[in-house]
Structure formats: C-alpha cells, structure tokens
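[1] Any chance you can model this:
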Amino acid sequence: TDRQTDGRTDGPRFDLCVRVSHRVSGFHSATSKLRFEKDGEAIEAPVPAGDLSVTPLAGAIKQKLGERGKRGTGATERKRDGGSEGEKKMSSGIHDSFPLPQQPGGGPLSGDLAVQGTTDDAALSKLSAINAGYYEDPFLKHFCSRAARRSPLINRGYYARVAGMRKVIDLFLDAVPPGMTPQLVNLGAGLDTTFFYVNSRCGDRPFVFFEVDFPELVARKSMTILRKEACWSVLAPNKDDIPQVGGLIRTDKLRMVGADLRDLQKLEGEVRGADFSPTQPTLFFCECVLVYMKGEQSDQVLRWASSLVHAPSSICIYEQCNPDDAFGRVMVENLQSRGCALLGLKDYPSIASQRRRLRTAGWAFCRICDMNDVYDKMIDQSDVMRIQRLELFDEIEEWRLIQSHYFIAVAVTSPQASQAECTTVNGSGPSAEGEGYADPISSQGHETAAAGRESSRADETEPPEDTAEFLRPLLGVWTPQPNSVNPRLLRYEIPPGIPGVEPKLLQE
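    Residues are numbered from 1 along each chain as shown. All right, here's what the predicted structure looks like:
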C-alpha cells in the first residue's frame, strides 16, 4: 500500500505498510496483532494489550527486507505511470480483479463476450457479500459455478449497490396503488436475481418482471432456473407447467426477453411480444449496462424507455462516473485491459452530464447521488451499522474514493409531466443548462458540496436527510396534498386520465 507521509503532497513515499489491528474482547481485555505484508507474503505477531510498538516484528522485518531499506518512487513518476500501485489495487479490487473467461484457444475475451462475462464476475462478488452476511439472497448461489471470497471493501461495495437498488424498487412498488399492476424491466439482467427478491416482497400481489439481455445469456439463465427446483418452484408447482417461448421462460410473473439493447427495433418487438403493457406503471432499471454502450446508443435506449409507457414510469441506473481523476483513469484502463471498454463514460463523465442526458431523453424529474450519499443517507442506517460489524474494515479512505466513482440515478416521467413542472435550485424555473433541479415535490433544494468530497459533486443538490424525500421523484407523478395530522406525511392522488383507473388516494 502506498502512502504519502503525514498527508503531504511532497516527501518520500513507501512501498511498505505495517497495519495494527486492535480488537476488544468484552470490556476489560484487548488483544492486538501486527501484520507486515510484502510481495504477497505476510508476517504476524501478537502484541500485549496496550503495546502497539513495532518491536515484536522488528527482527522479522529486517530478515525479510535484508539490511537495505527500500523506498518507493517519487510522486511525479507515479503520476506518469497512471496512479499508484495502491490506486491500481483498489480499482482492480472493486472490479473483481480475477481473469474473465478465456477463449477456447486461450487469451482474454473482448467486445460483447467480455461484457457478458462481467455478469459472472458480479454474481461471484455478490455471492461473497451474501455468504459474509451482508444481505440475504438464497437464490444467487444456484447461478454461480463456484464461490469466491472477496475483501471486506468489495463486500461492502456490493452491499451498498444492492441495498440502494432495492430501496428504489421498494419505493416504486409502494407507490403503485391498488388496481394497477407494477411492471419491472431489468435491462441487461445477466445473472441478477432481483426477480426473486420482488417475488418474495410482493407475495400474492400481482406484478410482471421482464428480464432483457443478449439471447444467449437469457437462454442460459432460463435453463439454470429450470434445472434448479429451488428456482422453478417459485414459478409453478410443476416444472412442466412453466410456459416457454423459444426456450425462454414466459410466465405470468417472469418474462425473459432475448434482445440486444442496441437493436431498438428488435428490442421493442421482443418486449411487446412478451405482453408488455404500456398502460401500467413501469420501473426500468439497469446496473453497469449503458456505460458499455456508445453514448448515442444508450441515449436511444433511454428515449425508447421514456416513450414506451403511457402510464407513469421511472428508471433507476447504477453506473460509473468521474473518469478523469487519478483513480478514474486507472478504473477505465483496468476494464479496458480486460476487454470491457467503458464506451459511454467519455460522453457522460459527471453527475451533471448524466442529469442532462436523462432530461433530454424525456425523463421529466431526475435525482442523482454518488454512492457515498447512497450509503450515508439513502439506505437503512440501522442495517448499515449491522454490516459494519461483520468484518474488520480499515480501508475507509479507499472506500470513500471508490464510492465517489459510482452513482445511482432515479428519474421519472408522467403523461402530465412537463418542463414547466420542474424548479431549479433557487426555485426560479429550469436552467438553460438543465442542471440543479430540485425535488419536484419541494422547491426548497439548495446547492452545496459536501465537505471533503470530490469537486465534481458540487453541481448536485444535496439530498435531504430523509431518504423518502430523496427518492420522492418516484412518487412525484402523484399530486401532493398536505396531511392535516402530520405535515411530513403526504397523500398522493392519482391524476385523472389513466385508462381504466379510478382516482384513489395512496397514504404514505
């Protein structure tokens, strides 16, 4: 691990790090250990309580390094090399730094095949977090050929990702009133198991879940479900009763669609062929999918999704951002070397540019925050405290740096939404640049940059402390009415004009 001395930007840097772990047992006793890591080898020594000196390791370290002390290279040389070894390690770690599937003749995959391989990487990392107790998912193990143990940093990263996406899904499902059937469309679904989460959450409530991905991927996933009783039994009492179209599962709840997102004509034909309803509220969502497409291609997908549904709809996107700082450059180079170029990141590198593209694509209201804010403000903080006790974690700086390079965007559209409905940060109407839109329910947004965070976040409205307030764009298609009992509770009335739906009240 490379560190700068005392936080200075100049001075010596070292390629040696001795970490001190101090674990308390009960209230009156404590044990510590010192760990020295070098060239993949580690030496540990117990330390008496209260003694945190390096003396117990002095002899072992001398023997390991020899009589010469070794110094790292200067900061200038590291910048020229594209970042420190520590930055490279962090970037590789968060992107599951193990080889992607190889071609039959050897050598890494590239292009579409490499991108498809990322779903196996993500599934293994999610399974690592599940096995470590970060969240529950009894189904993912059936889609993984093996288990792998990831570092606490990666486990926590995938926990934040899953918890953030589930929060959006929960709020969407809660917002859809009785009498309407929520539709969820997972774009680039891969091996993701969100369907099973939604199924367990909805219980007997009707819903329809579409999984869209390359034909070969959804065919593989369909076969896996049909081979595993724990999976197919969710769909029907008997496996033979599960309807299929061209080898793809097509039940009342789960409808698998094989299509390349870049071919919109075929995509729309396949989705409509799976009985997609444009009159029901719909949530589109995707995780690290659009970024692998060229900017103009992903723009077309966003415009297609915003125009496909006549009822209120929403979209949730989890992706990378900020590719132009030191860590961002290493992140891009790391994935490029594995055949997974982030083709769309150069066109939309920042949170502000992502906000503009969503509004241009027809999404009336939009809120975006990086994963630091998702972790700190959006997800259940009591659960955050629980997972923080699962593993020893001393990589806070690396964690915060990585989180600032990912975001979750939530955008909504409505038959009645218009440009005039949005307010700027100062409440004076939409800006010429399409930036700084406050929450559509409340025009009291204020633009601040969180202390110590990346400057690229300064153009984003700081989310309110209440997570429901932060995601209120999901509910913004309903007209707010003050509640006489508690002003913090709002009632939402369905706008008239949705075919077949009587105006009703939804109490939050």
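[2] Show me what the mean pLDDT comes to for the longest helix along the chain.
    Determined from DSSP state H, the single longest helix within the chain is helix 152-175. On average, the pLDDT along helix 152-175 is 94.
[3] export stretch 271-282 as PDB, just CAs?
    Extracted as PDB, the C-alpha positions of stretch 271-282 are listed here (Å, rounded to 0.1, in the frame of the first residue of the first chain):
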ATOM      1  CA  VAL A 271     -40.700  -6.800 -25.400                       C
ATOM      2  CA  ARG A 272     -44.100  -6.200 -26.800                       C
ATOM      3  CA  GLY A 273     -44.200  -9.900 -27.900                       C
ATOM      4  CA  ALA A 274     -43.800 -10.700 -24.200                       C
ATOM      5  CA  ASP A 275     -47.100  -8.900 -23.500                       C
ATOM      6  CA  PHE A 276     -45.600  -5.700 -22.100                       C
ATOM      7  CA  SER A 277     -48.400  -3.300 -21.200                       C
ATOM      8  CA  PRO A 278     -47.900   0.500 -21.900                       C
ATOM      9  CA  THR A 279     -50.800   1.400 -19.600                       C
ATOM     10  CA  GLN A 280     -49.300   0.100 -16.300                       C
ATOM     11  CA  PRO A 281     -46.700   1.900 -14.100                       C
ATOM     12  CA  THR A 282     -43.200   0.600 -15.000                       C
END
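[4] what's that stretch in contact with?
    Contacting residues not belonging to stretch 271-282 are listed as 172, 175-176, 180-185, 208, 210, 212, 245, 250, 255-257, 259, 308-314, 498-500 [Cβ atoms under 8 Å, 6 or more residues apart in numbering]. Heads up, the C-betas are built off the backbone N, CA and C, glycines and all.
[5] what residue ranges in the stretch 351-500 of the chain are flagged as low confidence?
    The stretch 351-500 of the chain contains residues with pLDDT under 70 at 414-500.
[6] Can you flag which of the contacts of stretch 271-282 belong to strands?
    183-185, 208, 210, 212, 245, 255-257, 313-314 (DSSP state E).
[7] out of the residues you listed, which are buried?
    Neighbour counting with 16 or more other Cβ atoms under 10 Å marks 183-185, 208, 210, 212, 255-257, 313-314 as buried within those.
[8] Closest to Cys340 out of the ones in strands among the contacts of stretch 271-282?
    Val212 (19.4 Å; Cβ to Cβ).
[9] Contacts only, for the closest one.
    By Cβ under 8 Å, 6+ apart, the contact list for Val212 reads 185-189, 218, 257, 259, 261, 267, 270-271.
[10] which ones are touching the residue lying closest to it once chain neighbours are set aside?
    In space, and not counting its chain neighbours, Val212 is closest to Val257: 4.6 Å by Cβ to Cβ, 6 or more residues apart in numbering. Val257 sits next to 210-213, 218, 248, 270-271, 274 when contact means Cβ under 8 Å, 6+ apart.
[11] redo that, cut-off 10 Å
    Neighbour list for Val257: 185-187, 189, 210-213, 215, 218, 245, 248, 250, 267, 269-274, 276 [criterion: Cβ atoms under 10 Å, 6 or more residues apart in numbering].
[12] Buried among these? Make that a ChimeraX selection.
    Here is the ChimeraX selection string for the buried members of the contacts of Val257, based on 16+ other Cβ under 10 Å:
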select :185,186,187,189,210,211,212,213,215,218,248,250,267,270,271,274,276
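[13] which residues in the stretch 51-200 of the chain form helices?
    Taking DSSP state H, counting those that start in this stretch to define them, one finds helices in the stretch 51-200 of the chain at 55-65, 75-80, 85-94, 111-131, 152-175, 194-202.
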